[in-house]
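> The sequence and its predicted three-dimensional model are supplied below.
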Amino acid sequence: MESRHEPGADVPGQVPPGVEPGKRRKWTWRRVLALALVALLAFAAYEYLTLPDAAPLQKKNPETTALIEQRAEEAREAGRKPRRRQHWVSMSNVPKHVIDAVLMSEDAGFYVHEGVDTAELEKALEEAWKEGKLGRGASTITQQLAKNLWLSTDRSLLRKAKELVLARRLETELTKSRILAIYMNVVEWGDGVYGIEAGAREHFGVSALNLSVAQGAILAAMLPAPRKRSPKSGSRALKRRAHWIIEQMQAVKRISPQQGSAAQAEIDRILSGKPEAEDSTDEEDA
């Protein structure tokens with residue numbers, strides 16, 4: 001039977017009268033992009049709503065962290081028994097010079113930012129754009145805590161975005177002193193070693209309360225790569241960073257010149273082992 005079409009009716013495969021082919025193609029792509037944007041926003045909203053709440057940490061210490069669980073799983077996959085050394089202590093049992101060393105090493109602006117150092121973040125994103133990958137850097141102590149508590153160590157942009165949101169939640173719900181206290185008790189300080197008390201016992205055989213200025217600087221210098229830069233590793237990067245931390249602490253009058261000189265000499269004594277291969281660029285996960 002012969003098909004008939006009313007005048008002006010659309011014919012399959014043909015563009016309606018008055019509509020240029022290019023315009024219909026553009027409208028189609030706009031629709032696809034619009035749908036993709038809606039889907040992206042819905043995904044972002046879902047991710048945001050499902051992120052952990054920081055409020056319970058106001059009074060309760062975390063029983064474990066995502067990083068501790070990740071390291072345990074890594075050990076099991078390698079056929080080893082997971083190792084965990086952790087002893088919670090109050091900040092009153094951590095010398096001020098140790099806290100200052102950690103702040104100097106990891107986040108000198110901790111008390112002035114709101115969880116994210118925007119200037120450093122911009123620099124890190126510019127470098128990531130140029131190099132095509134997200135490297136370490138620009139992470140405040142609050143961001144590091146968010147990652148350790150709830151996220152993985154991968155370097156994806158999605159993980160970084162979650163980290164930024166969670167850092168703001170921590171800053172909103174907790175005081176600076178509480179954030180720092182949790183960080184100092186959960187941060188990784190070696191293979192299966194978590195927190196300042198366990199770090200002090202593991203590497204120097206003393207409690208955190210009895211750490212010297214030099215020992216505190218060495219522990220702080222380990223933090224960019226705590227499983228690779230132990231005092232016994234012979235890491236030249238560890239030694240340089242520990243000396244730098246003492247110089248900075250002295251420059252901002254956290255320690256006296258006499259304390260600085262004594263600490264520099266003690267660092268040399270402690271880290272006097274034969275250096276291994278250069279590791280200045282050997283840093284762990286962002």
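Thanks, I have the structure now. Residues are numbered from 1 along each chain as shown.
> Give me the buried stretch members for stretch 89-102, please.
Neighbour counts over stretch 89-102 (16 or more other CB atoms under 10 Å) mark 89, 94-95, 97-102 as buried. Placement of C-beta: from N, CA and C, glycine included.
> what about it, start to end distance?
End-to-end distance of stretch 89-102 (CA to CA, to the nearest Å): 16 Å.
> And stretch 148-159, by the same measure?
Rule used - CA to CA; the end-to-end distance of stretch 148-159 is 12 Å.
> Contacts only, for the residue nearest to the spatial centre of the chain.
Compute the mean C-alpha point of the chain, and by CA atoms, centre = their mean the closest residue is Gln144, 3.3 Å away. By CB atoms under 8 Å, 6 or more residues apart in numbering, the contact list for Gln144 reads 106, 183, 187.
> Pull out the buried residues from those residues.
Buried among the contacts of Gln144 (16+ other CB under 10 Å): 106, 183, 187.
> what's the pLDDT at the last one?
In this case it means Val187. Looking at Val187, its pLDDT is 98.
> my guess is it meets Tyr194, correct?
Yes. Val187 lies in contact with Tyr194 (CB atoms under 8 Å); the separation is 7.0 Å.
> I figured Gln259 hits Val213, correct?
Yes. Counting by CB under 8 Å, Val213 is a contact partner of Gln259 at 5.6 Å.
> Which one of the two is surrounded by more residues?
Counting neighbours by other CB atoms under 10 Å for Gln259 and for Val213 shows that Val213 has the greater number, 26 against 17.
> hmm, back to that, any shared contact partners between Gln259 and Val213?
In contact with both Gln259 and Val213: His97, using CB under 8 Å, 6+ apart.
> can you give me the strands in the stretch 1-150 of the chain?
Along the stretch 1-150 of the chain, the stretches classed as strands by DSSP state E, counting those that start in this stretch are 85-86.
> What strand or helix carries the residue lying closest to Glu114 once chain neighbours are set aside?
Once flanking residues are discounted, Glu114 sits nearest to Glu171: 5.3 Å by CB to CB, 6 or more residues apart in numbering. For Glu171, the element it lies in under DSSP states H and E is helix 157-173.
> What average pLDDT does that helix get?
Average pLDDT, helix 157-173: 92.
> after that helix comes which helix or strand?
Downstream of helix 157-173, the first helix or strand assigned by DSSP H and E is helix 176-186.
> Show me what counts as buried in that following helix.
The neighbour-count check on helix 176-186 (16+ other CB under 10 Å) flags 178-186 as buried.
> Helix 157-173 and that one, what's the angle between them?
130 degrees (axes from the mean of the first three to the mean of the last three CA atoms, to 10 degrees).
> what's the spacing between helix 176-186 and its chain's center?
Mean C-alpha position of helix 176-186 versus that of the full chain (CA atoms, centre = their mean, to the nearest Å) differs by 14 Å.
> Do I have it right that Ser105 meets His243?
No. Ser105 is beyond contact range of His243, at 11.9 Å (criterion: CB under 8 Å).
> Val187: what's it in contact with?
By CB under 8 Å, 6+ apart, the residues touching Val187 are 144-145, 148, 194-196, 223, 226.
> So, low pLDDT: which residues of the stretch 51-200 of the chain?
Counting by pLDDT under 70, the stretch 51-200 of the chain shows low-confidence ranges at 119-138.
> residue boundaries of the helices in it?
Ranges of helices in the stretch 51-200 of the chain, per DSSP state H, counting those that start in this stretch, are 66-77, 96-106, 118-131, 141-150, 157-173, 176-186, 196-204.
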